[in-house]
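Peer 1: Okay, here's the prediction I keep looking at, along with the sequence it came from:
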Amino acid sequence: MSITKSKVIEVLKSVIYFTKGDNIVNLGMLDELDVSDDKIQFRIVFPRLNVPAVDIVVKSATKALREKFGEQITINITPIPEKEKGRGPLAGVRHIIAVASGKGGVGKSTVAANLAVALARTGSQVGLVDADIYGPSIPMMFGVIDEAPGVIEREGKPLIVPLEKHGIRLLSIGFFVDTDKPLVWRGPMATSALNQLLSDADWGVLDYLIIDLPPGTGDIQLTLAQSYSVTGAVVVTTPQKLAFADVRRAATMFRQDKITIPLLGLIENMAYFSPSDMPDKKYYIFGKGHGEGFANALDIPLLGQIPIVEQISVAGDNGSPIALDEDSMIANAFIEVAQKVKTMVKESSK
């Protein structure tokens, strides 16, 4: 049987990249196909390479081609990352940083929002994705509840244009659903929403894309880890041992063999209380030293300790994260955290 490019392409349409729910041809993953009488060679472009899906797709393609053209045919398949081709919606994003927690109520979204602002204040180009699908809060924290992202078309494909506020490019599921009603979605719908926020958006060139993850260790975390090239994760906890027990599980997830996202460090939120009339006073109402102990237990740096103060909540409710206030002690704390995160990112990228 003569081998032609069109016949090879037709065979490869049976090879499904299950992460994105379609075949590698329709997804535009096939690259530099070259065909001769006894040899087929091409590249497959993946969002990232260090995931099990790469080996599965390559083996499936090899099997399909041999079944069609015979066992004697020589097949050379080279997986390459999107960034090598300068492709993909995240090709211009230098670093993706996940902000995670084991449980709700520890102020993870507040930390993610203020970390994004603090990174921008240090001169970086920053984006923020509210991936807390079931409880999006970023629109309120940035005062954009009633706004909606734009849409552009590129190469025949519609792309979401993130909103921009306080110098941060923003996307949240909260822009597309009625946040007054509960979001009753099964896992596949939630992960599809995450993929749209990341892969169907025009993020442009960014130094950092912060991902505010939902609490726990579910589908969203797994999809992010296995489908995207994440530079590292920051975990957020409060001083209570109960909170840290859940954080430990979240941190352990990132260290599994099939995921392996570097842990950049831990942020202790609500570490102490400082009265507004005595900002130099620190009252450790949940106990002192827990943040250091938790960080040591995970063998990661303690990136910062954020106090309980009314201004954080008021600023978030008013749509202006506290890190914007250059005169605020808390803003300075977030700037210090941002500088440490940048240092850890440099070290992890070596």
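Peer 2: In hand now; what should we look at? Numbering: from 1, shown residues only.

Peer 1: distance of Ala131 from Asn332?
Peer 2: 28 Å (C-beta to C-beta, to the nearest Å). Where C-beta positions appear, they are placed from N, C-alpha and C, glycine not excepted.

Peer 1: The two: which is more packed in?
Peer 2: Neighbours per residue, other C-beta atoms under 10 Å: of Ala131 and Asn332, the larger number sits with Ala131, 28 against 14.

Peer 1: separation between the more buried one and Val341?
Peer 2: Taking C-beta to C-beta, one finds Ala131 at 18 Å from Val341.

Peer 1: same check, this time on Pro301
Peer 2: 10 Å.

Peer 1: okay, and the common contacts of these two?
Peer 2: Leu264, Gly265 (C-beta atoms under 8 Å, 6 or more residues apart in numbering).

Peer 1: between the two, who's got more neighbours?
Peer 2: Val341 (28 against 17).

Peer 1: got the contact list for the more buried one?
Peer 2: Ile97, Leu115, Leu119, Val234, Leu264, Gly265, Leu303.

Peer 1: Help me confirm that the fifth one comes into contact with Leu298.
Peer 2: What that stands for is Leu264. No - using C-beta atoms under 8 Å, Leu264 makes no contact with Leu298, being 11.2 Å away.

Peer 1: Counting neighbours, go ahead and name the busier of the two.
Peer 2: A direct count of neighbours by other C-beta under 10 Å for Leu264 and Leu298 places Leu264 higher, at 25 against 20.

Peer 1: can you pull the contacts of that one?
Peer 2: Ile97, Thr231, Gly232, Ala233, Val234, Ile300, Pro301, Leu303, Val341, Met344, Val345, Ser348.

Peer 1: Sort out which of those residues are in helices and list them.
Peer 2: Val341, Met344, Val345, Ser348 (DSSP state H).

Peer 1: Just the buried residues out of those, in PyMOL syntax.
Peer 2: Listed next is the PyMOL selection for buried residues among these, using 16 or more other C-beta atoms under 10 Å:
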select buried, resi 341+344+345
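
Peer 1: helix/strand/coil for Glu153?
Peer 2: Three-state call for Glu153 (DSSP: H, G, I helix; E, B strand; the rest coil): strand.

Peer 1: The nearest residue to it once chain neighbours are set aside and Gln311: what is the separation?
Peer 2: Nearest residue to Glu153, sequence neighbours excluded (C-beta to C-beta, 6 or more residues apart in numbering): Leu159, at 7.2 Å. Plainly put, Leu159 is 37 Å away from Gln311 if you go by C-beta to C-beta.

Peer 1: which of the two has more neighbours?
Peer 2: Neighbour tally, Leu159 and Gln311, criterion other C-beta under 10 Å: the higher count belongs to Leu159, 18 against 15.
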